[in-house]
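A.B. asks: how would this look folded up:
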Amino acid sequence: MTHESFFISHEVPWAEAGPGVKRQVLAHTPEMMIVRVKFEKGAVGSPHTHPHVQSCLVEDGVFEVTVAGVTKRLQKGDGYLVKSDVEHGAVALEAGALIDIFTPRRDDFLK
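C.D. replies: Residues are numbered from 1 along each chain as shown. As a prediction, the model looks like this:
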């Protein structure tokens, strides 16, 4: 899916993103990307950094999220913001999904 005005989530393929984690790139332009990430209970989004600014919304489930060394328990409707090159990671305390928005686009997710 590239440069479309609409996305139909059940038509968008999933990609494995690690043990118990899969990713669905819903939409993107060079300036922005929207990604759904599903986690099985206990799955880990390992601590990492990237040059992109990231905003995240908990779509479903409960997560323990760490951003810049601060850890919070987040549930549906909660979210967080990650500035460029700040370490962050998440653990799924329950099965759930996150909606990530990146700027600019994560080209590494398109390979």
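
A.B. asks: Now for the residue nearest to the spatial centre of the chain: which residues touch it?
C.D. replies: Compute the mean C-alpha point of the chain, and by Cα atoms, centre = their mean the closest residue is residue 100, 3.8 Å away. Contacts for residue 100 (Cβ atoms under 8 Å, 6 or more residues apart in numbering) come out as 33-37, 54-56. Placement of C-beta: from N, CA and C, glycine included.

A.B. asks: swap the cut-off to 7 Å and go again
C.D. replies: 35, 37, 54, 56 (Cβ atoms under 7 Å, 6 or more residues apart in numbering).

A.B. asks: By neighbours, which of the residues you listed wins?
C.D. replies: Among the contacts of residue 100, the one with the most neighbours (other Cβ atoms under 10 Å) is residue 56, at 24 neighbours.

A.B. asks: what about the residue nearest to the centre of the chain, helix or strand, and which?
C.D. replies: Assigned by DSSP states H and E, residue 100 belongs to strand 96-103.

A.B. asks: List the residue ranges of the chain that fall below the pLDDT cut-off.
C.D. replies: Applying pLDDT under 70 to the chain flags residues 1-4.

A.B. asks: tally of neighbours for the nearest residue to residue 22 once chain neighbours are set aside?
C.D. replies: Nearest residue to residue 22, sequence neighbours excluded (Cβ to Cβ, 6 or more residues apart in numbering): residue 14, at 4.7 Å. When counting by other Cβ under 10 Å, one arrives at 12 neighbours for residue 14.

A.B. asks: Who does residue 37 form a beta bridge with?
C.D. replies: Beta bridges link residue 37 to residue 23, residue 98, judged by DSSP bridges.

A.B. asks: My read is that it contacts residue 96, right?
C.D. replies: No. Counting by Cβ atoms under 7 Å, residue 96 is not a contact partner of residue 37; they are 9.4 Å apart.
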